[in-house]
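Undergrad: got a predicted model here, sequence first, then my questions.
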Amino acid sequence: MTLTAPLTVSVPASPSGPPGPSASAPVRALAVSMAVVSVTGMVAGGVLEAGVPTPFSQWLFIVACALLPSVGLLIAVRRPDNPYGWLLLVTAVCLGLGGLGVGVLVAYGDTRGPLAVTGALLTSLFSGFYGLSWVFVPLIFPDGRLPSPRWRPVAWIAGAAILLHWLGVLLSPDEVYASTFPYGNPLGLEGAAGLLAASVGGLGQLVVFLVALSVLASLVLRQRRGTLVERRRLRWMILGVVAALGGSIVTMIFGQGGQAVSWVGVVTAVAALPAVIATVVFRHNLLDIRVAVRGSRLLLVFDLRPTVDELLTELGPGLEAADPVEQLGRLAEAVRTGLETRWAAVTLADGTRVVAGVEDGKAVLTVPAGLGHIACGPKVAGRFNAEDRRLLGSLAVPIGLAIQSAGLAARLVNAQEAERRRIERNIHDGAQQQLVALIAGLELARATGGGPGSLALLREQARQTLTDLRELAAGIHPSVLSQGGLAEAVEERCSRLPVATVVTADQALRSRRFPDEIEGALYFTVSEAVANALKHAGASRIEVRLAWSGGRLRATVSDDGRGFERDAPGRGGLGALADRLAALGGGLDVSSVPGEGTLVGAWIPVPDQGAGLRDRRAEMPG
């Protein structure tokens, strides 16, 4: 019997998901308008600031600033449903209008009239640009969502700090931001009010910077814990945040002198993040966006895919700690990512399939891999070429080894199950017959009044039977499990316990049968957990829960016993069962608090529908 009947396991795709709908005409017009406002403001501000003819260095700075609205426009048009592109466009508008404000202040700030006030209002928007760039652009990268709900308070704090910084810049006295307002701040307050405004602005800027550092630390942690695709993308964003913060610090230090150094710092501060985002779009298909340049007869696609060595190097640490089925899933995802296909599947010799992505059609490319094969769906853009086939052929080697490993694990589990069946047959053919003979001998001795010789013989026969039973007891497969299934077997096991025990099982689970090795693994896990609760925990109540949902068959055992420290040695016999569950692609979790009981949870992946399951009603006679 195989590990399981042929199954199909789906591996979640990268967080970006499938391509979203294209932007409608009004949405596209809004995105274009925001990009045009940003670029126009920066060009006009740069010319007003530097004069005519405008120096070449100023044009270079304008081009660097134009990178942000360009990337924001691309993402907003291609993925209008995702907020990330719109965040970049809002940040770009703050940058462009802030640059326009600087130009207006340089040209008209000495008039202290309406143009100077307008320039001051626009210039203050730089605080919004820096706050959004430092905090929100990296925080919701790459899918436009917060990393987790606990970041919501931080996001609100950052938003409030950006607002305070903006108000401080707008209302501070002339001497506080002398470099920003060369002719003085026409909106600046004097006296105590001005001091308060400066203090509020400084506090807001400090909080924004501290939150930016915490976001950077979060990126590092996410990069270390993420999937292959996430680690590759987050690595670029970490580089961009470090460069942007570093450029801003350089600008603050050398703002009053060292013009060349200051110019490099400003360019780095405004261009680092959009540059790395553009790199992730082109190289790593951020939000599943592909960029192509179409001509009359030429289609050039940016195809900077990772090499085989890069894929295997990044996969290595994760594969070492993964079980065989999880290894196949990560390798299937590597194939999908490396070849930029809609889906990729690894199929074992027994028909078990592990799919990465959404399988929405027939395979376009299939290659053998060890005892199985790899199948790929259509590419997201273009067709398979020789380089694609070479990459897939190279990945077939480690995938073949993973398939072999999964096959060995399956054979191990099947061998264990066969051994239990053998023990069961031995009991039936050996010890059971000995007991029948022993009973018959006792009946005969009672009827005939057997002497000391016959009683001694019967005593020796009983001892031998007991010895045989002890040798065969480990690993026996209960008949009630074979006949009635997991729920019935667990209920029968718990009905004989000397403490109050409640067994709850889903109705869907009762109407189905699962492969013997799966039912056996969960039954013996429940039995061992219950035995531990009685022998070691001193429990007065035990609850057992069996459930089948979300593609997993689960069993949990909780008790109200004395519990134990998490670092306490030993696992009460659960170690071997954990290994058995792991060989089936499942796992075992044990949690306990002294004085508050213990919870043991076990699970094994089982599809909600498909092969490998048997309807119990089909087995019933009549």
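TA: Good, I have the coordinates.
Undergrad: which residues are in contact with stretch 85-92?
TA: The contact list for stretch 85-92 (CB atoms under 8 Å, 6 or more residues apart in numbering) reads 31, 34-35, 38, 68-69, 71-79, 128-129, 132-133, 136-137, 140, 144, 274, 277. Every C-beta, even on glycine, is put in place using the N, C-alpha and C of the backbone.
Undergrad: can you give me the offset of it from its chain's centre?
TA: Taking CA atoms, centre = their mean, to the nearest Å, the mean C-alpha location of stretch 85-92 is offset from the chain mean by 26 Å.
Undergrad: what about the stretch 401-550 of the chain, any weak spots by pLDDT?
TA: Counting by pLDDT under 70, the stretch 401-550 of the chain shows low-confidence ranges at 401-434, 436-438, 440-441, 444, 450-454, 457, 461, 464-480, 496.
Undergrad: in it, which spans are strands?
TA: 500-505, 512-513, 541-549 (DSSP state E, counting those that start in this stretch).
Undergrad: restricting to C-alpha, output the last one in CSV.
TA: As requested, C-alpha coordinates have been extracted for strand 541-549 and formatted as CSV (Å, rounded to 0.1, in the frame of the first residue of the first chain):
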residue,chain,number,x,y,z
ARG,A,541,-11.1,15.6,32.9
ILE,A,542,-10.0,14.9,29.3
GLU,A,543,-11.4,16.4,26.1
VAL,A,544,-10.6,14.9,22.6
ARG,A,545,-11.5,16.7,19.4
LEU,A,546,-11.4,15.3,15.9
ALA,A,547,-11.9,17.6,12.9
TRP,A,548,-11.4,17.6,9.2
SER,A,549,-11.3,20.9,7.5
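Undergrad: against which helices or strands is whatever helix or strand comes next after it packed?
TA: The element immediately downstream of strand 541-549 (helix or strand, assigned by DSSP states H and E) is strand 552-559. In this structure, strand 552-559 makes packing contacts with helix 516-535, strand 541-549, strand 598-605, judged by 3 or more CB pairs under 8 Å, 6 or more residues apart in numbering; DSSP states H and E.
Undergrad: if we can go back for a sec, out of the strands of the stretch 401-550 of the chain, which is the most enclosed?
TA: Among the strands of the stretch 401-550 of the chain, strand 512-513 has the highest mean neighbour count (mean count of other CB atoms under 10 Å), at a mean of 20.
Undergrad: coming back round to it: can I get the helices and strands packed on strand 552-559 in CSV with distance to residue 155?
TA: Converted to CSV, these look like this (distance: least, CB to CB, whole Å):
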stretch, distance to residue 155
helix 516-535, 42
strand 541-549, 33
strand 598-605, 34
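Undergrad: so which of the strands of the stretch 401-550 of the chain comes closest to residue 206?
TA: Nearest to residue 206 among these is strand 541-549; the distance by CB to CB comes to 48.8 Å.
Undergrad: off-centre distance for that closest one?
TA: Centroid separation between strand 541-549 and its chain, computed with CA atoms, centre = their mean, is 28 Å.
Undergrad: neighbouring strands for that strand, and are they parallel or not?
TA: Strand pairing for strand 541-549, determined by DSSP bridges: strand 500-505 (parallel), strand 552-559 (antiparallel).
Undergrad: if we can go back for a sec, got TSV for the strands of the stretch 401-550 of the chain, with distance to residue 241 too?
TA: Formatted as TSV, the strands of the stretch 401-550 of the chain follow (distance: least, CB to CB, whole Å):
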stretch	distance to residue 241
strand 500-505	49
strand 512-513	51
strand 541-549	40
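Undergrad: wait, which of those strands is closest to residue 384?
TA: Comparing the strands of the stretch 401-550 of the chain by their distance to residue 384 (CB to CB), the top pick is strand 541-549, with 38.2 Å.
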